[in-house]
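Asks: I need the structure of the sequence given here:
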Amino acid sequence: MLRRMMGLHTVAYRATHGVIGHRFLIGPPFLLLNHIGAKSGIERTAPLVYIADGDDIVLVASKGGHPKNPAWYYNLKAHPDVTVQIGSKVLPVHAREATDEERGRLWAMAVETYSGYAGYKERTDRKIPLIVLEPRAE
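Replies: The predicted model follows:
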């Protein structure tokens, strides 16, 4: 069911250039993360909440507080040069994990953007990764 909803979100986002799907009436902004499967090599797209940090974009690999990281996290570790769609813009970016020095500030921004992350953190024993997407030239 969740996979189908994510698929519908992606289709609507792409078809409307983000008019539908970038923002809903309430809640955080979404982007489309276009990435490549670490093992399969298959191109995939995931609609994800994002946090703008200057020119960088931050993603929270929370998976709703699940004990394991989301698949897209491992895909970015294997293939860090990806693209994201924000609204109608497709941007080339390079993914890296936030440093310990960045983590406190970025986590606070994430929780401010979407308060649900605080509950996700309480549900899991793992350190939820924060992924920084830095602009890159194509």
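
Asks: Now do the longest strand seen in the chain: which elements does it pack against?
Replies: Counting by DSSP state E, the longest strand found in the chain is strand 89-97. Contacts defined by 3 or more CB pairs under 8 Å, 6 or more residues apart in numbering; DSSP states H and E place strand 89-97 against strand 81-86, strand 130-135. (Glycine included, C-beta is placed from N, CA and C.)

Asks: ok, the last one: who's next to it in the sheet?
Replies: Pointing back at strand 130-135 there. strand 56-60 (antiparallel), strand 89-97 (antiparallel) (DSSP bridges).

Asks: for the helices and strands packed on strand 89-97, which one sits closest to residue 120?
Replies: In terms of CB to CB, the element of the helices and strands packed on strand 89-97 nearest to residue 120 is strand 130-135, at 12.4 Å.

Asks: now that closest one and strand 81-86, what's the angle there?
Replies: 90 degrees (axes from the mean of the first three to the mean of the last three CA atoms, to 10 degrees).

Asks: Now do strand 130-135: everything it contacts.
Replies: If you take CB atoms under 8 Å, 6 or more residues apart in numbering as the criterion, strand 130-135 is touched by 53, 55-61, 73, 76, 82, 84, 91-98, 102-103, 106-107, 110.
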